[in-house]
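Asker: the amino acid sequence is not available; the structure is as follows:
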């Protein structure tokens, strides 16, 4: 890059520069996590840690962590159960929750729900997942329909307003 182009790039801020800043922050955070990861943990099982970025209904970015490594002040804390990557989509009359739960059979996935929360739990010999998803709007747990295909769990709820229910187990079709 010539000196003239370099000057122009420094002077002018591109609208996508924010993504470069996100990437730089993410790289620094990941380096910090893995630098502090005790060496004896690296030989036992895979460790997953990451972030997902999405826009909330108000247009503000929502940043969620996922995986089984939790950064703390005293160094990373390794969880036995992995936290699946989850995305929530609000439709007109429905709320749809997507979760990546690869490597398990649908019979091994346990789902429980209240109006405000969905709990995803898998506890097998090879794979362990756990996530308590706070739902952005009240839903009817009785209306829940769940499907599982190619490692992706989809749970659909009808939105409600009114009486709260204690909770119920959700079968996967």
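Answerer: Here it is on my side, so go on. Note that this is a predicted model, so its numbers are computed, not measured.
Asker: helix or strand next in line after the helix of greatest length in the chain, which one?
Answerer: Taking DSSP state H as the assignment, the helix of the chain that covers the most residues is helix 17-36. Later in the chain than helix 17-36, the nearest helix or strand by DSSP states H and E is strand 49-55.
Asker: if I look at the residue nearest to residue 126 when sequence neighbours are not counted, how far off is residue 24?
Answerer: Leaving aside its sequence neighbours, residue 126 sits nearest to residue 103 (CB to CB, 6 or more residues apart in numbering; 6.8 Å). C-beta: built from backbone N, CA, C; applies to glycine. Applying CB to CB, to the nearest Å, the value for residue 103 to residue 24 is 32 Å.
Asker: could you list the low-pLDDT ranges of the chain?
Answerer: 1-17, 36-48, 51, 57, 67-79, 162-166 (pLDDT under 70).
Asker: just the strands in this structure please.
Answerer: Ranges of strands in the chain, per DSSP state E, are 49-55, 61-70, 77-83, 86-90, 94-100, 109-113, 117-123, 128-134, 139-149, 152-159, 168-170.
Asker: elements contacting the shortest one?
Answerer: Right, the one you point to is strand 168-170. With contacts taken as 3 or more CB pairs under 8 Å, 6 or more residues apart in numbering; DSSP states H and E, strand 168-170 sits against strand 109-113, strand 139-149.
Asker: state the distance from residue 111 to residue 141.
Answerer: 10 Å.
Asker: what touches both of these two?
Answerer: residue 170 (CB atoms under 8 Å, 6 or more residues apart in numbering).
Asker: do you know how far the residue nearest to residue 126 is from residue 113?
Answerer: 23 Å.
Asker: if anything else comes up later, I'll come back, but that's it for now.
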